[in-house]
Each structure stands twice: as C-alpha cells, then as structure tokens.
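Visitor: give me the fold of what follows.
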Amino acid sequence: MTGSNVSTLETLRPDKIADLAGSPAPCVTILLPPYRPQEQAKSAATMLRSYCQDAERQLTARQVPRSEVTDLIEPLQVLGAIADFKTTSHWGRAIFRSTEVFTMLEGIEGVKPGVTVGARFQLRSVLADLNLPAYFLLLKLSQKSVELWRCAGRRAKPVELPKGVPRTLDEALAFKPPDHDLENRSSAGSSTGSMAAVRFGTGSERERAQRYVADFFKAVDRGIRELVHAGETPLVLAGVDEDTGLYRLVTSYPRVLGESIHGSANSPFSTDELLERAYAIVRADSTERTGAALLDLKERMAPARFSTNLDAILSAASDGRVGWLYINQDARALGVFGGVSEQPASDWGEEDLLNVAAVETLRHGGLAFSLPPDKMPDAASVLAVFRY
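Guide: Residues are numbered from 1 along each chain as shown. Prediction:
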C-alpha cells in the first residue's frame, strides 16, 4: 500500500481492498470486539497485547526472521497504548498488518475476536462491512423537531435542511395553534368519579390534525430530495411508530429503509446507540439486497457461468475469472491451497479455503459477499459467478 515496513496506521478504504488482498505473507489479522466494561472484563488494549504475543509466537515458530517479526509486531503493540483502545467502544475493529500494510477497519459487527497469522489476510470475516454503503442518512422524526444526520465511518454529522423547510410542526403551521390542540368537553357522567369534565376529540379534528402533520412531513421529504438528488442514499427513520408510519405514507424518496428505530425523539439514546441501531438496519437491508441481486444474476445469466464447486472456484478466482463470490457465513472448509503468494501457502498449513476464495476474488477486482444460509441457493457453502 505505502511501501515496506509501514509503521503508520491507515484507515481502510474500499479502493484499497485489492491491494490488501494482494499483500505478500506473512499477514497478521487481528479482530477486536466492541468494548463495554459492564459486559466484558478485557479492554481492546488488553486483548490486543495478548494477540500480539500470540502472533509473535506463531511468526517465530514459522522461522520468520527476528528483525521481520519485530517490524511487524512493534507498530501493533504501540496501538495498545492509545487511549482510544482503553475506553468504551460500541464498535469492533479489524487490524491488518504485513510488511506492506498497516490498516484498520472500524465499526465491524458480529465477528469472533482473535488473531490469524498466515499467507493472506482474514477478509472473509469483514465482507459484510466492506459492502455497506459509504454513507447513509438518519432522520430523527417528531412533530416537535426534525433532525437529519449524515452517517459515515460510524460517525454522524448533522445536515442542514434547505432554506424554507420547516423543522417543527408549529413552524409548518406558521406558529398558529394547530386545530388538533383544541379540546371539546362534556359533562362528566357518574362513571367518571370526581372528574368535572371529559376530554374528547371529534374524528374530523383528528383527521385534520393528521393532514397537518402529513403536510409537514411532505415538506421535510421535499427538502431531503432536494439535498440528495439521485435518491440512492439509504434513509433510516427514527421516531414513534405513528410518525414514522405517516412519513412512509407521504414520502416519495426511493430509499427509505423498511425498518425504523422505534422510540420517541426525546429517548435518552446516545449518538453511538442510535448509530448502532441504524447500522444494524442498514446491514440487514444490505443483506436483503445482496440476496436479491444474487437471485437476479441466476435468472439473467447462463447456468455455465455459476459454480458451487470449491476447487473449481479457487482455480477460477486465482485466474481472475470470478466476478461475484457469495459465501455462506456459517460454512467452513479447511485445507491447504497452493497459492500465488510470494511465500507458498502450504508453508502456513491449513487455512480457511472460503477465505482464500474471497481474497483471490478481491485481489483480481471481483466482488465478494457473505450471506446467511437462508440467502444462499440450496444452502450452498459457496457460489461463484464467472466473468467468462
């Protein structure tokens, strides 16, 4: 990526995936889970120190020269002293280290923590995160306040709606008291105890109030469409069901995701908690879209372009003939692959051959995805679509 003996940590960018996949051995992959002190005893810094020791032992056992081991491990050990690795984190991390690479992917979810030392990086575990959209929008929705956030890199920044777009229902009504705040009263009957009056609203008043809110949400929707002209950016809604449901009825924005973050806009969610929930929704949507895209490919392409034979897929991936690769996230296939790395893969013993298929596909500019078993045709362990 940036030359040999890299010691400065980079943030992994999608356009660098092929470089990452093509890095020569030895390749060290460290997966760290989120750190929440109330749920686990070990901080990310503590786990990182342990994984560094394990990686050092494995490299030494493989007779990697001591100077190379030191060059590989020392930058990793420095990370353990960074305050960010000692404090609470809602996000997991994947760290990739070789003589040519020192990069980290933040915000990963659902990975098994651990360290892998081998002929290639362990990329299979982070495929779902690699294929998430670069950014999405989060709309915190209520009649009292509307906030739009741009979410990228597990961070959220507020976005100003265009001039003239109301931020509250009162503003939409030009600060006039809305009709649905008016109350009718009747005399209390004997069944109401000591209450002097009973409040009620007519059906027409409720309908009129709903129309006001609908018009408010339509104005917000127009503002968002003005900001995002193509309308391809995913939009996650957050708010009470009544508001999010009404917004869905009036919106014409094409990428409002089907699931919402439920709860009042005044709920005591931290920004990290909201982001956690939002990313879970985006991840689920991404999985659904990937599964649908696979079915579409199967309908459009000739059967000869597909294979579920792992040996054939490994050979084709190494030759750069795999355009799309889909891996069953629950499947495992250990073995020895005679690969293309500068240091033969057989020198590193058994490895996950499904990961090998993913790395070789990405190395040649193909796309690799991880799917749950129910999204894989015939519950296959792996499926490849050949370029030719």
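Visitor: which ones are touching the nearest residue to residue 252 once chain neighbours are set aside?
Guide: Nearest residue to residue 252, sequence neighbours excluded (Cβ to Cβ, 6 or more residues apart in numbering): residue 221, at 6.5 Å. C-beta coordinates here come from the backbone N, C-alpha and C atoms, glycine included. Counting by Cβ atoms under 8 Å, 6 or more residues apart in numbering, residue 221 makes contact with 247, 250-253.
Visitor: just the CA trace of stretch 111-129, in CSV.
Guide: Output of stretch 111-129 as CSV, limited to C-alpha atoms (Å, rounded to 0.1, in the frame of the first residue of the first chain):
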residue,chain,number,x,y,z
VAL,A,111,-17.1,-11.1,14.4
LYS,A,112,-15.4,-13.6,16.5
PRO,A,113,-12.4,-12.0,18.2
GLY,A,114,-9.0,-13.5,17.6
VAL,A,115,-5.7,-13.3,15.7
THR,A,116,-4.8,-15.1,12.4
VAL,A,117,-1.3,-15.3,11.0
GLY,A,118,-0.9,-16.8,7.5
ALA,A,119,-0.3,-16.5,3.8
ARG,A,120,-3.2,-13.9,3.4
PHE,A,121,-5.4,-11.7,5.5
GLN,A,122,-8.6,-13.0,7.0
LEU,A,123,-11.0,-10.9,4.9
ARG,A,124,-14.0,-13.2,5.0
SER,A,125,-15.0,-12.1,8.5
VAL,A,126,-15.4,-8.4,7.4
LEU,A,127,-17.1,-8.9,4.0
ALA,A,128,-20.5,-7.6,5.2
ASP,A,129,-18.8,-4.4,6.5
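Visitor: got the buried residues for it?
Guide: Buried positions in stretch 111-129, judged by neighbour count with 16 or more other Cβ atoms under 10 Å: 111, 113, 115-129.
Visitor: quick one: low-confidence parts of the stretch 51-200 of the chain?
Guide: Residue ranges of the stretch 51-200 of the chain with pLDDT under 70: 83, 86-89, 174-200.
Visitor: got the residue ranges for the strands in it?
Guide: 92-97, 102-108, 114-118, 136-141, 146-152, 155-159, 184-187, 197-200 (DSSP state E, counting those that start in this stretch).
Visitor: can you name every helix or strand that the third one contacts?
Guide: Under the contact criterion of 3 or more Cβ pairs under 8 Å, 6 or more residues apart in numbering; DSSP states H and E, strand 114-118 touches strand 27-32, helix 44-61.
Visitor: swap in 10 Å and give it another go.
Guide: Using 3 or more Cβ pairs under 10 Å, 6 or more residues apart in numbering; DSSP states H and E, the elements in contact with strand 114-118 are strand 27-32, helix 44-61, strand 351-352, helix 353-363.
Visitor: how about the CA coordinates for the next helix or strand after the last one, as CSV?
Guide: Meaning helix 353-363. Downstream of helix 353-363, the first helix or strand assigned by DSSP states H and E is strand 367-371. Extracted C-alpha coordinates of strand 367-371, given in CSV (Å, rounded to 0.1, in the frame of the first residue of the first chain):
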residue,chain,number,x,y,z
LEU,A,367,-16.7,-8.7,-5.6
ALA,A,368,-17.1,-11.0,-2.6
PHE,A,369,-20.1,-11.2,-0.2
SER,A,370,-21.1,-13.1,2.9
LEU,A,371,-24.7,-14.2,3.3
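Visitor: which residues in this structure form helices?
Guide: For the chain, the helices defined by DSSP state H cover 17-21, 44-61, 66-79, 127-130, 169-172, 203-227, 241-250, 271-300, 310-318, 353-363.
Visitor: about what we covered before: pLDDT at the residue nearest to residue 252, what is it?
Guide: pLDDT for residue 221: 94.
Visitor: could you give the number of residues near the nearest residue to residue 316 once chain neighbours are set aside?
Guide: Spatially, and ignoring its direct neighbours in sequence, residue 316 is nearest to residue 322 (5.2 Å; Cβ to Cβ, 6+ apart). Residue 322 is flanked by 27 other residues according to other Cβ atoms under 10 Å.
Visitor: please apply the same query to residue 18.
Guide: 14.
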